[in-house]
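Peer 1: Build me a model:
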Amino acid sequence: MSTKKIAYLSILIALSVVGRIYFGFVPNVQPTTVIIIITAIFLGARNGMTIAVLSAILSNLIMGMGIWTIGQVIAWAFIGGVSGLIGKKIEKIPFLIMAFYAGLTGMVYGFILSLFYFFIENNHFIAYYIAGVPFDLAHSIGNVVFYIILYPILSKLLKQFKVKEKVT
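Peer 2: Numbering: from 1, shown residues only. This is a model prediction of the structure:
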């Protein structure tokens, strides 16, 4: 991995961590998921998963580390992996479809966390999941808004990086 790529990923991780902390007062609304999605689409699943893992761990060092960090890492890494596969398979994805996908990932994230807690505590999955649906909807709506705001900016930067990386 080149120094430039490490620097780019570090900046994206920092943006994700700061965004998550900054929007901490709004439950489940943060730019982390969208940054993971956009990075994975342009730079691949491995880089999306790298941002997912490091964003979860580093932001939780400040916001509070606990068993939920493992669930967050799993959920965001899954989203990064799937997004990387989507970016690899589909050349030009319509903006609105990807905004919908970003919203859908908010629900997927919540479902994966609920499954994680079910395996940890081994009871009341349905009740836990249903109780979390309003938070998952907030995450979904936040993802759509952040995707609409961040995609034009990050896509230009990541396209430029991808072109420069191929040249050098």
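Peer 1: Which residues lie in contact with the residue sitting nearest the centre point of the chain in this structure?
Peer 2: In the chain, the C-alpha nearest the mean C-alpha coordinate belongs to Thr33, at 2.3 Å (CA atoms, centre = their mean). By CB atoms under 8 Å, 6 or more residues apart in numbering, the contact set of Thr33 is Trp76, Ile79, Ala102, Thr105, Gly106, Tyr109, His139, Asn143, Phe146. (C-beta placed from N, C-alpha, C; glycine too.)
Peer 1: go on, Leu104?
Peer 2: Ser140.
Peer 1: what separates it from Ile97, distance-wise?
Peer 2: Here the distance between Leu104 and Ile97 works out to 10 Å (CB to CB, to the nearest Å).
Peer 1: what touches both of these two?
Peer 2: Looking at what touches both Leu104 and Ile97 (by CB under 8 Å, 6+ apart), there is no common residue.
Peer 1: List the residues that contact Ser55.
Peer 2: Residues Ile13, Ser16, Val17, Arg20, Thr32, Ile35, Ile36, Trp76 are the ones in contact with Ser55 under the rule CB under 8 Å, 6+ apart.
Peer 1: Leaving out sequence neighbours, find the closest residue to it.
Peer 2: Nearest residue to Ser55 in three dimensions, chain neighbours excluded: Ser16, at 4.1 Å (CB to CB, 6 or more residues apart in numbering).
Peer 1: Summarise which helices and strands the helix or strand of the chain with the lowest mean pLDDT is packed against.
Peer 2: Every helix and strand of the chain was ranked by mean pLDDT, DSSP states H and E. The lowest is helix 125-167, at a mean of 88. For helix 125-167, the helices and strands in contact under the criterion 3 or more CB pairs under 8 Å, 6 or more residues apart in numbering; DSSP states H and E are helix 3-22, helix 32-43, helix 95-121.
Peer 1: Can you lay out those as a markdown table showing mean pLDDT?
Peer 2: Converted to a markdown table, those look like this (pLDDT from 0 to 100):
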| stretch | mean pLDDT |
| --- | --- |
| helix 3-22 | 94 |
| helix 32-43 | 95 |
| helix 95-121 | 92 |
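Peer 1: So which of those is the most surrounded?
Peer 2: For the helices and strands packed on helix 125-167, ranked by mean neighbour count under the definition mean count of other CB atoms under 10 Å, the leader is helix 32-43 at a mean of 27.
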